[in-house]
Structures are given as C-alpha cells and as structure tokens.
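J.: What follows is a predicted protein model with its sequence.
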Amino acid sequence: MADPAQFERLLSASPFFGRLEPDTRRAIADLCVTCSLTRGETLFLKNDPADAFYAIRRGEIRIMAGTSTGRRMTLNLLGPGDIFGEIALFDGRSRSADAIAAEPAELFVVRRRDMLDLVGRCPDLAMRVIEVLCERLRFVSARLEEAVLMPLPARIARRLLALAEDFGTELHISQDDIADFVGTTRETVNRQLQNWWRQGMLDIHRNRVVVRDPTTLASVALAASP
C-alpha cells in the first residue's frame, strides 16, 4: 500500500523536489503508488517509454548500460531515499539506461500522465523542472572535465567518496563496477586500491570496499582537481 506521508518525506530531502512549496509536494505524494522488485528483476530497459519516476523506499537499484558486444557497465547505484527517472519523465524521451534491482526493493511510483497534469497546475513545479535541467547540464559538464583533466587516482577517490556519502563507509561494490564508473580496467582499479590498502586508507574484500580514512582519500581527490 502506498504511504504518501513517507513519500513526501523523501521528496522533502530530494534536491529536485525539496525546494517546492509544501502543498505541491503533498500533491505529488498523493499521486504515488508502490511496486516491489525481487533481486535481479528489471524495472525498465533502455529505450522503454518514460512513463513514471521512482523513489526508493528500501533496497538498491543499479543503473546500467550495455554494448552490442554484451559488455555491461554500471552507471550508478541508488539506495533508499534516492529519486530517479524524473528527467525522462518530463522530456518525453525513452529511457537512456537499464534499471535493475541489485537486491529486493520497494519503490514509490508516480505516473507521467498524473505528473504532467500537476505541472500544468503548479507554476513552482514547472520552474523547478527548468532549474534541475540546468543542474544536470552542469553535472555532465563536470563529469566530462573530470574524465579529461583528472588523473585516475583522483577519479577513483571521488567516486568512492560519493558512494560513501550515499551508502556509508562500507560499500558493497565490485572492482569491476568501480572500473566502469571511472572508465578504466579492473586490474588498474585493483592496483590503486591495493596501494591505498597498504596506506591504511581502506580495506578490500570480495565485492566490498570499506573506507577507513575518508579525509586522506578526499585529499587525493582534491589535490588533482582541475
């Protein structure tokens, strides 16, 4: 059963929806329904219609892309409280990646037809859509700058710190996934993580990395900022 009050709390903490008027957030929350996914179940695939946006009530969702040769790449890992799919919802285009449950998950769902009707009645929501599109453009620009100008250790450090901010210092992530995030090979990532392990900055386990010294890791990321 949908819980609009809990969904509204998630919306309040979201950079996208948090700046809306409380009445607008409540109106969005009243539109929500819920869906559940088992581990490995697909929520949507690339090129599917963008017919809804989602907030994660519990569990994790992996955003992935693939190539014609069958190679899979993890673009992002989302956890409880994260909201996703909102941009495709407004621009009407198809999904740009796959979304798959990394573990059993429960989601809040708002359908596109309901949301667009609300946008037409709420000017502050329409303005927020414009603002967030500008923010996403800046994010893409920053990622491009990072990929072109930053050395690899800084890119790995930045990604680990960003994940730790969302999921805590114990990260359930494989070295293959980290390599996908920063655009390199697993072997290169392993060499860098082993180096940081010897320095006491983190612990390495199978499909798990524990950040022990985020301050020193942050200095690696900041020292090479463009």
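T.: Nice, I can see it.

J.: can you give me the strands for the chain?
T.: In order along the chain, the chain carries the following strands (DSSP state E): 33-37, 42-44, 52-58, 61-66, 72-78, 83-84, 98-101, 105-111, 170-171, 202-205, 208-211.

J.: How confident was the prediction at residue 140?
T.: Residue 140 carries a pLDDT score of 66 in this model.

J.: Would you single out the least confident of the strands of the chain?
T.: Lowest mean pLDDT within the strands of the chain: strand 72-78, at a mean of 81.

J.: how much space between the residue nearest to residue 96 when sequence neighbours are not counted and residue 65?
T.: Of all residues not flanking residue 96 in the chain, residue 46 sits nearest, at 6.4 Å (C-beta to C-beta, 6 or more residues apart in numbering). Where C-beta positions appear, they are placed from N, C-alpha and C, glycine not excepted. Taken as C-beta to C-beta, to the nearest Å, the spacing of residue 46 relative to residue 65 amounts to 7 Å.

J.: Equivalent analysis for residue 89, please.
T.: Plainly put, residue 89 is 19 Å away from residue 65 if you go by C-beta to C-beta.

J.: so where's this structure uncertain?
T.: Low-confidence regions of the chain, defined by pLDDT under 70, span residues 1-2, 15, 67-71, 132, 136, 139-149, 223-226.

J.: Would you check that residue 80 makes contact with residue 58?
T.: Yes. Using C-beta atoms under 8 Å, residue 80 makes contact with residue 58 at a distance of 5.5 Å.

J.: now residue 106: how far from residue 37?
T.: With C-beta to C-beta as the criterion, residue 106 and residue 37 are 8 Å apart.

J.: more neighbours, these two?
T.: When neighbours are counted by other C-beta atoms under 10 Å, residue 37 comes out ahead of the other of residue 106 and residue 37, with 19 against 14.

J.: In space, what's closest to the more buried one - neighbours in sequence excluded?
T.: residue 101 (3.9 Å).

J.: And for residue 110?
T.: residue 31 (4.9 Å).

J.: got it, and residue 207?
T.: residue 174 (4.7 Å).

J.: I figured that neighbour hits residue 204, correct?
T.: No. Because the distance of 11.0 Å does not satisfy C-beta under 8 Å, residue 174 is recorded as not touching residue 204.

J.: Could you check which of the two is surrounded by more residues?
T.: Neighbour tally, residue 174 and residue 204, criterion other C-beta under 10 Å: the higher count belongs to residue 174, 16 against 13.

J.: for the residue located most distally from the centre of the chain, what are its contacts?
T.: Of all residues in the chain, residue 198 has its C-alpha farthest from the mean position, at 29.9 Å, by C-alpha atoms, centre = their mean. When the contact criterion is C-beta atoms under 8 Å, 6 or more residues apart in numbering, residue 198 has no partners at all.

J.: For this protein, which segments count as helices?
T.: Residue ranges of the helices in the chain, as given by DSSP state H, are 4-13, 22-29, 86-91, 112-121, 123-149, 152-167, 175-182, 186-198, 214-223.
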